[in-house]
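Peer 1: Here is my input; please provide its structure:
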Amino acid sequence: MNFFNNIYSYLKNNPALIIIIIFALALSGYLVRLQLRLGVAYWDIFLYLNNALMYAGLGEGSITQLPPLLSFLTSLFFRLGYVKASPLYLISGLIFASGIIGLYLLLKLRFSTTESLAGAITFSSFTVVLSWAATGSLDVPAVCLAIWLTYILIYGFKKDQRALILVFPMAFLTFFTRYTSGLMILPLGFYFLTVILEGQLKKDHLLKLGLGFLIGLIILAPVMGFFYSKLGTPVPFLNLLEGSVANDPAQGDPAYLPGKSYYINHFPQYISSYPVNDSYSTMLYPSLAQTNLVAYLILIIAGAGLLIYALRYIRCFKNFKTRGKRKKVLFLIAGIIISLLFIFTLQGNSYLPAAVAMLALIFLIYYSTKKQAGKNSSLDMMMLIWFLTYFISHSFLIIKVDRYFITTTPALAYLLILGFNQIQDKLSQLSKKKISAGLLAMALALLLLFSSIQPYAYNVPRHIYGDLETAGNLMEEYDPDYQDKVIYSDYWPAMSWHLKMNVKRGWPKNFEDNAQFSRMLLENNTTYFINYYSDPPLNLTGFVEVQRVANIIIFERMEGF
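Peer 2: Residues are numbered from 1 along each chain as shown. The predicted model follows:
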């Protein structure tokens with residue numbers, strides 16, 4: 001009872017927190033409601049749903065080594081008999097709401113209440129975040145858990161060391177939501193190092209982190225055991241991570257984009273854009289949309305503020321006092337060398353050297369200016385490292401899609417608020433009149449929110465892949481015993497989900513011609529092939545068309561073949 005009384009008292013004394021909770025739940029509820037109307041919006045979502053069937057003991061799964069957390073949580077609903085996609089949307093929406101709240105609390109460690117509210121609203125209003133928040137994709141849930149991981153770590157060192165017990169459990173949960181969350185070790189490792197350098201690390205901190213690590217192992221053990229039983233290795237994700245570091249060629253992928261400027265070119269569109277020709281796909285993929293002018297306004301104002309902030313560090317370095325000029329010169333030479341090394345590594349094939357060089361450069365700036373730059377220097381630079389770590393790594397990857405940019409968005413929101421903060425301070429100095437803290441940030445955040453949310457009222461269609469579900473229903477009607485047959489499809493994740501069985505992958509483009517593809521189907525004792533779309537239409541030897549809906553054709557094996 002005391003626990004709930006304490007929560008009530010805390011909320012009563014923090015009305016801004018109540019506001020952001022209401023806002024977060026309202027926005028996520030709105031997006032979940034739209035997603036229920038829309039249905040599955042992206043290929044990968046079917047993979048997560050199929051894996052949820054596997055965790056519930058109702059199927060074989062699709063790609064077993066995928067991050068398990070969202071699928072596992074969804075499987076809990078399946079075990080209760082509610083085998084639909086909607087629990088995945090609901091879970092995604094709730095985690096999104098928690099991420100908005102978590103970012104507000106994280107920003108409160110640095111900024112005013114109004115600025116923190118503005119930052120949380122800004123993050124939730126980025127077009128690239130809104131369009132994926134409740135889809136069931138892993139990107140937004142992973143970044144929201146990363147927000148909480150960051151907040152818990154900093155809060156544990158700044159406010160209450162008991163929070164440090166939760167650091168490793170939250171780190172493992174974040175990692176098993178999306179494996180690239182492992183890169184958070186760079187910004188969080190930097191912050192931990194600053195705690196050591198500032199003499200704030202205590203024995204109790206280490207004890208609580210150690211206890212949390214043991215608790216984290218309790219979470220980790222069953223996951224690794226599951227992977228070992230299914231795949232013969234407890235760490236299948238290592239291959240995925242090694243592939244991202246090596247950046248192996250994948251010319252056959254439609255997202256094959258080897259150039260490194262993709263995310264720079266589309267940066268404004270990820271902040272705010274509007275659909276072209278009322279097309280939902282240009283909402284889901286902002287790089288195809290038109291940039292909203294509010295994005296340029298935000299970037300110009302925040303950019304000017306961040307420039308003012310950067311100039312302060314130059315002044316701090318000029319005032320950097322050492323025991324002699326020689327040490328200051330050595331720092332300057334080291335900075336130039338690391339900067340040149342960073343530029344050189346940007347031309348390479350792997351992001352890892354560039355990320356390490358970036359980290360070394362920012363650490364050098366921090367170390368040489370920490371006494372002059374103020375108490376928030378370590379937090380500011382940690383968020384800069386967060387942003388650059390993911391921006392650099394995804395720019396290096398030859399497979400690029402818009403949703404990968406989501407990994408940068410909490411840090412981007414933080415940096416934008418920092419820029420607004422600096423502009424506001426400068427305006428106060430010039431006018432010699434104190435401007436209300438966060439007024440500029442809130443005005444721009446609300447402008448961004450209204451401009452980003454407006455397209456959702458008119459441009460969200462009904463069930464993008466509704467024909468696939470219809471095809472599944474036709475299959476059930478045509479052959480009630482279909483689950484005892486061998487079925488292939490070129491859209492196998494979707495058909496596996498709709499038919500609740502292991503539909504095998506059959507991709508005609510992987511074969512020289514229709515005859516070779518037909519032989520493969522016949523040799524594997526295939527009864528049905530469900531063709532989602534082929535141009536030109538398939539002409540399969542030994543198969544006849546038995547059902548059709550829109551562009552989807554169900555082929556059945558003919559007798560005698």
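Peer 1: Quick check: which element contains P141?
Peer 2: Assigned by DSSP states H and E, P141 falls within helix 139-158.
Peer 1: and what of L217?
Peer 2: Counting by DSSP H and E, L217 is part of helix 203-231.
Peer 1: what's the offset of that helix from the middle of its chain?
Peer 2: In terms of Cα atoms, centre = their mean, to the nearest Å, the centre of helix 203-231 is found 23 Å from the chain centre.
Peer 1: Find the residue closest to the residue most central in space within the chain in space, skipping its chain neighbours.
Peer 2: The centre of the chain sits closest to D139, judged by Cα atoms, centre = their mean, with a distance of 2.6 Å. What sits nearest to D139 in space, not counting adjacent residues and going by Cβ to Cβ, 6 or more residues apart in numbering, is I406, at 4.3 Å. All C-beta atoms are positioned from the backbone trio N, CA, C, and that covers glycine.
Peer 1: mind listing what the one you found touches?
Peer 2: Contacts here follow Cβ atoms under 8 Å, 6 or more residues apart in numbering; on that basis I406 touches 128-129, 132, 139-140, 143.
Peer 1: Tell me the one of those residues nearest S28?
Peer 2: Taking Cβ to Cβ as the measure, S28 sits nearest to V140 out of those, at 10.0 Å.
Peer 1: For that closest one, which non-adjacent residue is closest in space?
Peer 2: A133 (4.9 Å).
Peer 1: in the stretch 401-550 of the chain, what spans have low per-residue confidence?
Peer 2: Confidence mapping of the stretch 401-550 of the chain against pLDDT under 70 gives the ranges 435, 437, 457-458.
Peer 1: which residues of it fall in helices?
Peer 2: According to DSSP state H, counting those that start in this stretch, the stretch 401-550 of the chain carries its helices in the segments 409-431, 439-453, 456-459, 466-478, 492-499, 514-523.
Peer 1: Keeping just the C-alphas, turn the host helix or strand of L188 into PDB.
Peer 2: Here L188 sits within helix 185-197, counting by DSSP H and E. C-alpha atoms of helix 185-197 as PDB (Å, rounded to 0.1, in the frame of the first residue of the first chain):
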ATOM      1  CA  ILE A 185      27.900  -0.200 -25.200                       C
ATOM      2  CA  LEU A 186      29.800   2.700 -26.800                       C
ATOM      3  CA  PRO A 187      27.800   5.600 -25.400                       C
ATOM      4  CA  LEU A 188      27.100   3.900 -22.100                       C
ATOM      5  CA  GLY A 189      30.700   2.700 -21.800                       C
ATOM      6  CA  PHE A 190      31.800   6.300 -22.300                       C
ATOM      7  CA  TYR A 191      29.500   7.600 -19.600                       C
ATOM      8  CA  PHE A 192      30.800   4.900 -17.200                       C
ATOM      9  CA  LEU A 193      34.400   5.900 -17.900                       C
ATOM     10  CA  THR A 194      33.500   9.600 -17.100                       C
ATOM     11  CA  VAL A 195      32.100   8.500 -13.800                       C
ATOM     12  CA  ILE A 196      35.500   6.800 -13.000                       C
ATOM     13  CA  LEU A 197      37.500   9.900 -14.200                       C
END
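Peer 1: and that helix, what does it pack onto?
Peer 2: helix 139-158, helix 351-373, helix 377-396 (3 or more Cβ pairs under 8 Å, 6 or more residues apart in numbering; DSSP states H and E).
Peer 1: I'd like to know which elements the last one is packed against.
Peer 2: Under the contact criterion of 3+ Cβ pairs under 8 Å, 6+ apart, helix 377-396 touches helix 139-158, helix 185-197, helix 262-265, helix 351-373, helix 409-431.
Peer 1: For the first one, give the mean pLDDT please.
Peer 2: Regarding helix 139-158, the rounded mean pLDDT is 97.
Peer 1: which other residues reach the helix or strand that it is followed by?
Peer 2: Under the assignment DSSP H and E, the closest C-terminal helix or strand after helix 139-158 is helix 167-175. Contacts with helix 167-175, where a contact means Cβ under 8 Å, 6+ apart, come from 67, 69, 142, 145-146, 148-149, 152-153, 156, 181-182, 184, 209, 212-213, 215-216, 219-220.
Peer 1: Give the PyMOL command for selecting the buried subset of the residues you listed.
Peer 2: A single PyMOL command selects the buried members of the contacts of helix 167-175 (16 or more other Cβ atoms under 10 Å):
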select buried, resi 67+69+142+145+146+148+149+152+153+156+181+184+209+212+213+215+216+219+220
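Peer 1: Ranking by neighbours, what's the top pick from the contacts of I406?
Peer 2: With neighbours taken as other Cβ atoms under 10 Å, the top of those is V140, carrying 30 neighbours.
Peer 1: Would you mark the buried spots in the helix holding L188?
Peer 2: Applying 16+ other Cβ under 10 Å to helix 185-197 flags 186-188, 190-195 as buried.
Peer 1: Closest to N531 out of these?
Peer 2: Nearest to N531 among the buried residues of helix 185-197, with distances taken as Cβ to Cβ, is L186, at 45.2 Å.
Peer 1: Low-confidence regions, the stretch 201-350 of the chain specifically.
Peer 2: Ranges of the stretch 201-350 of the chain meeting pLDDT under 70: 239-256, 278, 318-324.
Peer 1: can you pull out the helices in it?
Peer 2: Using DSSP H, counting those that start in this stretch, helices in the stretch 201-350 of the chain cover 203-231, 237-246, 262-265, 267-271, 281-284, 293-318, 325-345.
Peer 1: Relative to D484, which of those helices is closest?
Peer 2: helix 203-231 (23.8 Å).
Peer 1: so the residue of the chain positioned farthest from its centre, which of the three states?
Peer 2: Here the centre of the chain is the reference, and by Cα atoms, centre = their mean the most remote residue is G560, at 50.8 Å. The local conformation at G560, judged by DSSP: H, G, I helix; E, B strand; the rest coil, is coil.
Peer 1: Need the phi and psi values for it.
Peer 2: Per-residue torsions, G560: phi 100, psi -10 (degrees, to the nearest 10).
Peer 1: What about K371, how many residues nearby?
Peer 2: 12.
Peer 1: Can you check the pLDDT for it?
Peer 2: 76.
Peer 1: tell me the contacts of it?
Peer 2: No contacts exist for K371 under Cβ under 8 Å, 6+ apart.
Peer 1: Distance-wise, check it relative to M383.
Peer 2: Distance, K371 to M383, by Cβ to Cβ, to the nearest Å: 20 Å.
Peer 1: With respect to I91, which of the helices and strands packed on helix 377-396 lies nearest?
Peer 2: helix 139-158 (7.6 Å).
Peer 1: elements contacting the closest one?
Peer 2: Using 3+ Cβ pairs under 8 Å, 6+ apart, helix 139-158 sits against helix 86-108, helix 167-175, helix 185-197, helix 203-231, helix 377-396, helix 409-431.
Peer 1: Among those, which comes closest to L468?
Peer 2: It's helix 86-108; of the helices and strands packed on helix 139-158, that one is closest to L468 (Cβ to Cβ) at 16.5 Å.
Peer 1: Compute the inter-axis angle for the closest one and helix 139-158.
Peer 2: Helix 86-108 runs at 40 degrees relative to helix 139-158, counting by axes from the mean of the first three to the mean of the last three Cα atoms, to 10 degrees.
Peer 1: Now the element after helix 86-108, going C-ward?
Peer 2: helix 113-125.
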